[in-house]
Every structure is written in structure tokens, then in C-alpha cells.
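> here is a sequence with its predicted model. Questions after.
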Amino acid sequence: MIFPMELDEVTKVILQRIIAHKKEWDDMKKRMKWSFSLFLFSLALFGMYIYQTVFVLHRTSVESVVMALIDERIFWFVALISSFGWLVSFYKKKTEKAEQDFHALRCEFIQKSNELLQERAWEKRHVLYEWMKKTHDISLYHENK
């Protein structure tokens with residue numbers, strides 16, 4: 001990776017790790033959004049299926065509605081939707097973990113930046129900070145999110 005200024009190896013490695021953690025966090029957010037969309041879509045399809053096959057076809061008696069709800073196909077739909085729900089919760093936990101790791105590493109760099117950046121680099125740190133913000137959407141100015 002090419003940085004906009006001369007840095008020592010330790011600082012380069014730390015910045016590369018911060019960039020990697022940000023990329024992982026963004027990837028987990030995308031996966032969570034896709035799994036949530038899939039969950040909602042399958043839930044909508046299931047609702048339409050239930051309405052069409054159970055309530056429209058078997059509206060004559062409560063017993064036929066209950067028997068239609070106990071049908072084996074509905075069990076498989078519920079199992080599929082439950083697995084999508086589990087997938088959403090799995091990616092939500094992974095996203096939160098990736099976010100915590102990223103912010104912990106970013107805050108550690110901010111706290112130790114005066115030690116990590118040598119004298120010439122410290123004077124021109126704003127160039128590095130702007131580059132990180134513009135290129136990778138990572139703010140190194142303040143610890144708050």
C-alpha cells in the first residue's frame with residue numbers, strides 16, 4: 001500500500017490493519033443488509049402463500065384452516081424463514097464485533113499517534129489524515145465515532 005507520505009514500518013502496518021478492519025466491517029454490514037432483505041422477502045412470500053393457500057382456499061371452516069396450517073409444506077417454509085432470521089442475527093453479531101475491533105484499533109492509533117509519527121511525519125499528519133478520510137472513509141482526527 002502506498003501512503004501519501006514517508007512512514008516507518010510499524011505505522012504502515014498499523015494503518016494497514018486499520019484499513020483491513022474497516023473493509024471487514026463494511027463487508028459484514030453488506031452481508032447483514034442482504035440477509036435482512038432476503039429474510040423480509042421470504043417473509044412476504046410466506047405471508048402471500050399462507051393467505052392464498054390457507055385463508056382463501058379453506059375459509060369455509062376453522063377446522064380446514066387449522067389442518068391447512070399444519071401442512072408439511074408450511075413447516076418447511078417456517079424452517080427456511082427461521083434460518084434466514086438466524087443468518088440475520090449471525091451477521092448482526094459479526095458486524096458489531098467488526099465495528100468494535102475497528103474502532104478500538106483506530107482509537108489506539110489516535111492515542112499513540114504522537115509516538116508513532118516521527119517529527120517530520122507529525123508536522124504533516126494532516127496530509128495522512130485527509131488521505132485516510134478521502135480514500136478509506138476513516139477519520140483519525142478524533143476518537144469518537
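Ah, there it is. Numbers count the residues shown, from 1 in each chain.

> scan this structure for its longest helix.
Secondary structure of the chain per DSSP state H: the longest helix is helix 72-116.

> tell me which strands and helices that one is in contact with?
Using 3 or more CB pairs under 8 Å, 6 or more residues apart in numbering; DSSP states H and E as the contact test, the elements touching helix 72-116 are helix 9-50. Where C-beta positions appear, they are placed from N, C-alpha and C, glycine not excepted.

> compute the inter-axis angle for the helix it packs on and helix 72-116.
For helix 9-50 against helix 72-116, the angle between stretch directions is 160 degrees (axes from the mean of the first three to the mean of the last three CA atoms, to 10 degrees).

> which of the residues in whichever helix or strand comes after helix 9-50 are buried?
Downstream of helix 9-50, the first helix or strand assigned by DSSP states H and E is helix 62-69. Buried positions in helix 62-69, judged by neighbour count with 16 or more other CB atoms under 10 Å: Ala68.

> and the angle from helix 62-69 to helix 72-116?
With the same axes, to 10 degrees applied, the angle from helix 62-69 to helix 72-116 works out at 50 degrees.

> so what's the gap between helix 62-69 and the chain middle?
On the basis of CA atoms, centre = their mean, to the nearest Å, helix 62-69 sits 40 Å off its chain's mean C-alpha point.

> what residues does it touch?
50, 53-55, 57-59, 74 (CB atoms under 8 Å, 6 or more residues apart in numbering).

> quick one on the thing from earlier: how far does the longest helix of the chain sit from its chain's centre?
Relative to its parent chain, helix 72-116 has a centroid offset of 5 Å by CA atoms, centre = their mean.

> farthest pair in the contacts of helix 62-69?
Pairwise distances across the contacts of helix 62-69 (CB to CB) peak at 16.5 Å, for the pair Arg59 and Ile74.

> who has more neighbours out of those two?
Each of Arg59 and Ile74 has its neighbours counted (other CB atoms under 10 Å); Ile74 has more, 16 against 10.

> got the contact list for the more buried one?
Contacts of Ile74 (CB under 8 Å, 6+ apart): 50, 54, 68.

> considering the residues you listed, which is situated nearest to Tyr91?
Comparing these against Tyr91 with CB to CB picks out Ile50 as the nearest, at 26.5 Å.
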